[in-house]
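K.L.:
let's see this in three dimensions:
(chains A and B)
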Protein chains: 2
Amino acid sequence: MDATEFRKRGKEMVDYIADYLETIEKRRVYPDVEPGYLRPHIPDSAPEEPERFEDILKDVEKIIMPGVTHWHSPYFFAYYPTANSFPALLADMLSGGIGCIGFTWASSPACTELETVMLDWLGKMINLPPSFLAEKDGEGGGVIQGTASEATLVALLAARTKAIQRAQSENGTLTQGDIIGRLVAYTSDQAHSSVEKDGLIAGVKIKQLPTDDAFAVRGSALRKAVDQDKAAGLIPFFFCATLGTTTCCSFDKLSELGPICNEETIWMHVDAAYAGSSFICPEFRHLLNGVEFADSFNFNPHKWLLVNFDCSTMWVKKRTDLTCAFKIDPVYLKHDHQESGLITDYRHWQIPLGRRFRSLKMWFVFRMYGVKGLQEYIRKHVKLAHEFKDLVLQDDRFEICADVILGLVCFRLKGTNELNEALLRNINDSRKIHLVPCNLRGKFVLRFAVCARTVESAHVQFAWKHITKLAGELLKAQKQQD
Amino acid sequence: MDATEFRKRGKEMVDYIADYLETIEKRRVYPDVEPGYLRPHIPDSAPEEPERFEDILKDVEKIIMPGVTHWHSPYFFAYYPTANSFPALLADMLSGGIGCIGFTWASSPACTELETVMLDWLGKMINLPPSFLAEKDGEGGGVIQGTASEATLVALLAARTKAIQRAQSENGTLTQGDIIGRLVAYTSDQAHSSVEKDGLIAGVKIKQLPTDDAFAVRGSALRKAVDQDKAAGLIPFFFCATLGTTTCCSFDKLSELGPICNEETIWMHVDAAYAGSSFICPEFRHLLNGVEFADSFNFNPHKWLLVNFDCSTMWVKKRTDLTCAFKIDPVYLKHDHQESGLITDYRHWQIPLGRRFRSLKMWFVFRMYGVKGLQEYIRKHVKLAHEFKDLVLQDDRFEICADVILGLVCFRLKGTNELNEALLRNINDSRKIHLVPCNLRGKFVLRFAVCARTVESAHVQFAWKHITKLAGELLKAQKQQD
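P.N.:
Down below sits the predicted model:
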């Protein structure tokens, strides 16, 4: 395929994508396929000779689309959103076309420098303390990670390095193994499973702290754990706070937790993967209060800020905390400006070496929506969540299971877990809308997350009508059984 | 921006990318900017109101392009290649448009299933032993990682888990910390720096083994290290072999190393990040001999197989080795088919949770080039490298520093490191071509890597003429000084 054919096929693909997104409502949001559905439709091995683009595009519709979960359907209310916007798609096309790899400053200066500036823009949009910004001569700054789990891992590893150095400076006879065995990290019992996985990777203990009635970790819980662990000879070194948990969008109390972390030299990482985007609205910014105590902060514009996956933005107060944990400099990656102190080699800020030109997506989205456009977008989703919550509250058979603060509503039928499991199964089996569950203190709960860019009140109303219809049938069948 | 405007702007972007790639020769391959060049051109903060697309695209040309290192210029001979092909660009556009997140099978079955089948296709293209394939009921299979460094880390962590379990089953009183402190991994003294970084992350010792005259690790070197370490009470558990090192494209002797690893229950991971793509050609497949002894194997189609970054393909013989190391199952990620044994939840195979629909790129590229087209592409690059090598050999002032096997030529002026450093500086300062150096046993060496999709003999000839002109000037100036 040469550039001439690419011009033709590229334009066809633009139309295909526009068609797909304009008519996505008509597709079944959740696919009706069994495991292994795809293999019989595809040859056993790659073709020897080239095939035609038309045939491939036909196969996309015939083989791929029936097995796609349509995350951007307005009937998709599962997990949390993943972003998809036209400006981000355009920027990603450009990023692919340029196709540079930005592991060092020299490997593509624009790739590194736009990223640093975009992270400053976004930091200001959420009113992050200036100590997290790079600006012209700050000690902090931001970086794009692939996912929130990688951001947590990077923070955890940097904290581990600092803790080992600290322990060895106090007692020179301790080996790294001795110290790692005594390190202990904390997070909420509502935190994302990836935090546990990060602990596994780093080889350190992670303890889940109990949460209060609002599913939030309080200062008292951390204080108690730290005191007990110190008394037992352990070394508390890391706390991952969550703003907007995956289960129910609860918020740990940073303003209580932060001072304890600072006092005890515990690295505080704040994971606001989903909720972080809302902080661009002044009325939600208070949810971030206390971040001034944190060492690192992360959220995912690729969830709720219209920047397509992957774009997980992370800030640190001291960039040297990251680079000291990872810095390894072979000759083939050295370049002239390396020791100037002015440049950033982002490979020292992350797990992988290679990295794409992802900041273009942020630049395009921020400029084409403007901050006002992005704020409107967040507010619309929060409004729709409250609309759904009000519908639930008007129906005595249902209960709300957690405060509705942003775009997530946790609800269930009053009754057993089995009943709610059956309801969710019926919802997903009918494939008109898609939800996933969570477990809140042993209760099986349905999560209704406002996700799609194009979701409107009509879709929320339809979803509720559908849920209550299925619930009514279920309760009736149950009554007949009793 | 609505779908109608996206249709218009998307087509403009397709033309912009086609123009960029068609005229890339005319751009300076290596940018002439100083650190910090970009910030003064961009406002301090994001705009409140939306801006126009035309203005953004103008800024791309004005602000971004002057700071881009043009990896796809035919005058780019630095690092190793990164892929950029039109079919892959089209597939990535589609992947962005669908915008699904494939962390579990249910979150988008097509995303998972196409990946499994594509990894089987590619495995067969390089004649990988069937034990690495998933097929219908294999115990092995493949996965797309972001980068080779992540693949090595995943293998290292899986090996660590197995080693800990093994040690604890032999001696139940040992703690995880005790065991980790005794674990030792090996790699070549020519291996990529990311292996060392992976060791830092996993908290295990990594020892670099000495290489022979061809910069290859031999069985004898591994045997010696293992015996010494075992005698010292350490537990050898992991060996990362390299096929096609970053420095000079040398190949560790798998057929000597594999049996030792198998005998000593050492996990052998084979990193063929760059060289792996060449194994689709029968005449280069012998370089992979011995992979049958490996536990895991990885290479980067995003380097040399025309699949745009990121696409680092990894295979394992036992998929349970990976999933046992990482499996953590919260309710919100459970789904009906999970325990059927038929499905793959790729989040258990990787560090991050989220993942894009990257296998579309493989599908489009393999079908639109055909295996024959891809083989031709590899052969063309290897031929050009030999053409360059022959030019070097014809000039007595220069020497070749390592065997030329694939698309990399390591060469230098006969003389001091300072002389060669000056030559490389002059080459990159003149910005007509771009190279990076490596260090081979203390010698400063220039690397000439055939990289771009569009590179032809004329570009190679131009590069050599340019290098010899600069070398001549340098030698003359030196002579005048003496």
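
K.L.:
all contacts plus neighbour counts: C-alpha atoms, from now on.
P.N.:
Fine.

K.L.:
for A:V404, give me the pLDDT.
P.N.:
Here, the pLDDT recorded for A:V404 equals 98.

K.L.:
what does A:Q375 give?
P.N.:
pLDDT, read off for A:Q375, is 98.

K.L.:
where's it, which helix or strand?
P.N.:
helix A:359-393 (DSSP states H and E).

K.L.:
next SSE downstream of that helix?
P.N.:
That would be, after helix A:359-393 and using DSSP H and E, strand A:398-400.

K.L.:
contacting residues for the closest residue to A:L288 other than its chain neighbours?
P.N.:
The spatial neighbour of A:L288 that comes closest, neighbours along the chain excluded (CA to CA, 6 or more residues apart in numbering or on different chains), is A:F279 at 7.1 Å. Taking CA atoms under 8 Å, 6 or more residues apart in numbering or on different chains, we find A:F279 in contact with A:125-126, A:285-288.

K.L.:
measure the residue nearest to the spatial centre of chain A to chain B for me?
P.N.:
Central residue of chain A (CA atoms, centre = their mean): A:A273, 4.0 Å from the mean position. With distances taken as CA to the nearest CA, to the nearest Å, A:A273 is found 12 Å from chain B.

K.L.:
wait, doesn't that residue sit right on A:L305?
P.N.:
No - A:A273 is not in contact with A:L305 according to CA atoms under 8 Å; the separation is 10.9 Å.

K.L.:
still on that earlier bit, which of the contacts of A:F279 fall in helices?
P.N.:
When the contacts of A:F279 are checked against helices (DSSP state H), the matches are A:M125.

K.L.:
show me how to select, in PyMOL, the buried members of the contacts of A:F279.
P.N.:
Burial among the contacts of A:F279 is assessed by 16 or more other CA atoms under 10 Å in any protein chain shown; the matching PyMOL selection reads:
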select buried, chain A and resi 125+126+285+287+288
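
K.L.:
name the nearest of the contacts of A:F279 relative to A:F238.
P.N.:
A:L288 (19.0 Å; CA to CA).

K.L.:
quick check: the closest one vs B:A221, distance?
P.N.:
Remark: distance between A:L288 and B:A221 (CA to CA, to the nearest Å) = 55 Å.

K.L.:
for A:C111, same thing?
P.N.:
For A:C111, the distance to B:A221 - CA to CA - is 41 Å.

K.L.:
which one of these two has more residues nearby?
P.N.:
Using other CA atoms under 10 Å in any protein chain shown, the more surrounded residue of A:C111 and B:A221 is A:C111, with 29 against 16.

K.L.:
so how far is chain B from that one?
P.N.:
7 Å.

K.L.:
counting by contacts, list what the helix or strand containing that residue packs against.
P.N.:
For A:C111, the host element (DSSP H and E) is helix A:109-125. Judged by 3 or more CA pairs under 8 Å, 6 or more residues apart in numbering or on different chains; DSSP states H and E, helix A:109-125 is in contact with strand A:141-145, helix A:359-393.

K.L.:
right, and the ones you listed - which one's nearest chain B?
P.N.:
helix A:359-393 (4.2 Å; CA to the nearest CA).

K.L.:
now the closest one against helix A:109-125, angle please.
P.N.:
Put simply, helix A:359-393 runs at 30 degrees to helix A:109-125, going by axes from the mean of the first three to the mean of the last three CA atoms, to 10 degrees.

K.L.:
quick check: buried residues in helix A:359-393?
P.N.:
Quick answer for helix A:359-393 (16+ other CA under 10 Å): A:359-371, A:373-375, A:377-382, A:384-386, A:388-389, A:392.

K.L.:
check the residues you listed one by one and keep those near chain B.
P.N.:
The residues of the buried residues of helix A:359-393 that also fall near chain B, by CA under 8 Å from any CA of the partner chain, are A:364, A:366-371, A:373.

K.L.:
what does the helix or strand containing A:V195 contact?
P.N.:
Of the helices and strands defined by DSSP H and E, A:V195 is found in helix A:193-202. Residues from elsewhere that reach helix A:193-202, judged by CA under 8 Å, 6+ apart: A:149, A:152-153, A:156-157, A:187, A:205-206, A:240, B:157, B:201-203, B:326, B:328-330, B:353.

K.L.:
of those, which belong to strands?
P.N.:
A:187, A:205-206, A:240 (DSSP state E).

K.L.:
closest to A:E170 out of the residues you listed?
P.N.:
Closest to A:E170, out of all of these and judged by CA to CA, is A:K205, at 21.5 Å.

K.L.:
quick one: the closest one from A:F239, how far?
P.N.:
Taking CA to CA, one finds A:K205 at 12 Å from A:F239.

K.L.:
same check, this time on A:K443
P.N.:
For A:K443 relative to A:F239 (CA to CA), the value is 27 Å.

K.L.:
who's more crowded, those two?
P.N.:
The neighbour comparison of A:K443 against A:F239 (other CA under 10 Å) goes to A:F239, with 26 against 14.

K.L.:
list the buried residues for stretch A:23-30?
P.N.:
Quick answer for stretch A:23-30 (16+ other CA under 10 Å): A:24-25, A:27-30.

K.L.:
could you check the angle the helix holding A:C111 makes with strand A:141-145?
P.N.:
110 degrees.

K.L.:
near chain B, which residues of the stretch 151-300 of chain A?
P.N.:
A:157, A:176-178, A:180-181, A:193-194, A:196-197, A:200-203, A:247.

K.L.:
nearest to B:Y79 among those residues?
P.N.:
For these, the minimum distance to B:Y79 (CA to CA) is 28.0 Å, reached by A:L157.

K.L.:
distance to A:L89 for the ones next to chain B among the buried residues of helix A:359-393 - can I get that in a markdown table?
P.N.:
Shown next, in a markdown table, are those (distance: CA to CA, whole Å):
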| residue | distance to A:L89 |
| --- | --- |
| A:F364 | 9 |
| A:F366 | 13 |
| A:R367 | 14 |
| A:M368 | 12 |
| A:Y369 | 14 |
| A:G370 | 17 |
| A:V371 | 19 |
| A:G373 | 17 |
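
K.L.:
helices along the stretch 1-150 of chain A, start to end?
P.N.:
Ranges of helices in the stretch 1-150 of chain A, per DSSP state H, counting those that start in this stretch, are A:3-22, A:53-59, A:86-98, A:109-125, A:148-170.

K.L.:
since that was my last question, I'll sign off now.
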